[in-house]
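Trainee: sequence below, structure please.
(chains A and B)
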There are 2 protein chains.
Amino acid sequence: MDRDDELGDEPEELGAEACLRLLSTVPVGRVVYTEHALPAVLPVSFEVVPDGRLLLAVRRDSATARGLDGTVVAFQADRLDPLTRSGWSVLVHGRADILRDPEQILGALRSGLRPWTDEPDPMFVAVVPELISGRRLSASAHPVPHA
Amino acid sequence: MDRDDELGDEPEELGAEACLRLLSTVPVGRVVYTEHALPAVLPVSFEVVPDGRLLLAVRRDSATARGLDGTVVAFQADRLDPLTRSGWSVLVHGRADILRDPEQILGALRSGLRPWTDEPDPMFVAVVPELISGRRLSASAHPVPHA
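Mentor: Now for the predicted structure:
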């Protein structure tokens, strides 16, 4: 275990392909964008499409949809098991754009992707990953002497 | 339901007290800070202390600990149930500082707070909430005609 790891708290880094594969196993992630000059973080339903883009489902004409369109966002998803203290976390940086192509919109609707709030008339935001990083988050084998 | 809600995708806003109460029911949240000029998002174990500060547990001398110290961070936690499409999400903005007071460190150790990776010798980062916002994320009553 490399305790001087410059990348953060956990040592096992994941490659981009593994990250996308893990992302495709969860229905919700968190998008980070700028709102009133502060980072806003909001859970959103999403899916990974075959070309590697992420599609996020948001409420039509919401502040979130407007805030994301045409910006560079961070998108994070994880799966964490508190019992075993194991799991993973993936972080994507990329440009977000509201999906405007009718065929792609139809495809997203047909796939069943909907905002968490299950809005009947959602908008979709496509994120093209430019940076993908991820790590496994597992408890070390150390005992906890201070407990 | 106010579809023009300026605050985002979901309408039911939560007060600061309700937000802190909800935060205290989950063991892990996600801290957003700046790393290499990009937003980094990392799951961290945390607790709400009685004075309303958040204590985050990170690996000693990690890039995360250094990246958080003395900065303004966003901290987000949620609980989401995909079956009922219900849940909540809380977002805190505030200044983060590594805990340096030996008595407070001892108190955090005694409380059992540990990094997700269960490091035996953690550091703690205190976040003083300056802005607290939250919302319930529940499916609307609308049917989904496109499904």
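Trainee: output the contacting helices and strands for the lowest-mean-pLDDT helix or strand in chain A.
Mentor: Lowest by mean pLDDT, DSSP states H and E among the helices and strands of chain A is helix A:63-68, with a mean of 89. Contacting helix A:63-68 under the criterion 3 or more Cβ pairs under 8 Å, 6 or more residues apart in numbering or on different chains; DSSP states H and E are the following elements: strand A:28-35, strand A:38-48, strand A:54-58, strand A:86-98, strand A:123-136. All C-beta atoms are positioned from the backbone trio N, CA, C, and that covers glycine.
Trainee: got the buried residues for that helix?
Mentor: Neighbour-count burial for helix A:63-68, counted by 16 or more other Cβ atoms under 10 Å in any protein chain shown, picks out A:63, A:64, A:65, A:67, A:68.
Trainee: following that helix, which helix or strand comes up?
Mentor: Using DSSP states H and E, the helix or strand that follows helix A:63-68 in sequence is strand A:71-81.
Trainee: and that next one, does that touch chain B?
Mentor: Yes. Strand A:71-81 lies within reach of chain B by Cβ under 8 Å from any Cβ of the partner chain, at A:74, A:76, A:78, A:80.
Trainee: can you pull the contacts of the nearest residue to the third one once chain neighbours are set aside?
Mentor: Put plainly, it is residue A:78. In space, and not counting its chain neighbours, residue A:78 is closest to residue A:89: 3.9 Å by Cβ to Cβ, 6 or more residues apart in numbering or on different chains. Residues counted as contacts of residue A:89 (Cβ atoms under 8 Å, 6 or more residues apart in numbering or on different chains) are A:76, A:77, A:78, A:80, A:134, A:135, A:137, B:41, B:42, B:43.
Trainee: what is the lowest-pLDDT residue among these?
Mentor: Across the contacts of residue A:89, the smallest pLDDT goes to residue A:137, namely 85.
Trainee: give me the phi and psi for that residue.
Mentor: phi -120, psi 90 (degrees, to the nearest 10).
Trainee: give me the neighbour count for residue A:118.
Mentor: If you count neighbours by other Cβ atoms under 10 Å in any protein chain shown, residue A:118 ends up with 18.
Trainee: about what we covered before: out of the helices and strands packed on helix A:63-68, deepest packed?
Mentor: With neighbours taken as mean count of other Cβ atoms under 10 Å in any protein chain shown, the helices and strands packed on helix A:63-68 reach their highest mean count in strand A:54-58, at a mean of 26.
Trainee: what pairs with that strand, and is each one parallel or antiparallel?
Mentor: Partners of strand A:54-58 in the sheet, by DSSP bridges, are strand A:38-48 (antiparallel), strand A:123-136 (antiparallel).
Trainee: between that strand and strand A:28-35, how big is the angle?
Mentor: Counting by axes from the mean of the first three to the mean of the last three Cα atoms, to 10 degrees, strand A:54-58 lies at 70 degrees to strand A:28-35.
Trainee: ok, residues contacting strand A:54-58?
Mentor: Identification of contacts with strand A:54-58 by Cβ under 8 Å, 6+ apart yields A:23, A:29, A:31, A:44-49, A:64-65, A:68, A:75, A:92, A:94, A:96, A:99, A:108, A:113-116, A:122-127, A:129, B:9.
Trainee: cool, thanks, talk later.
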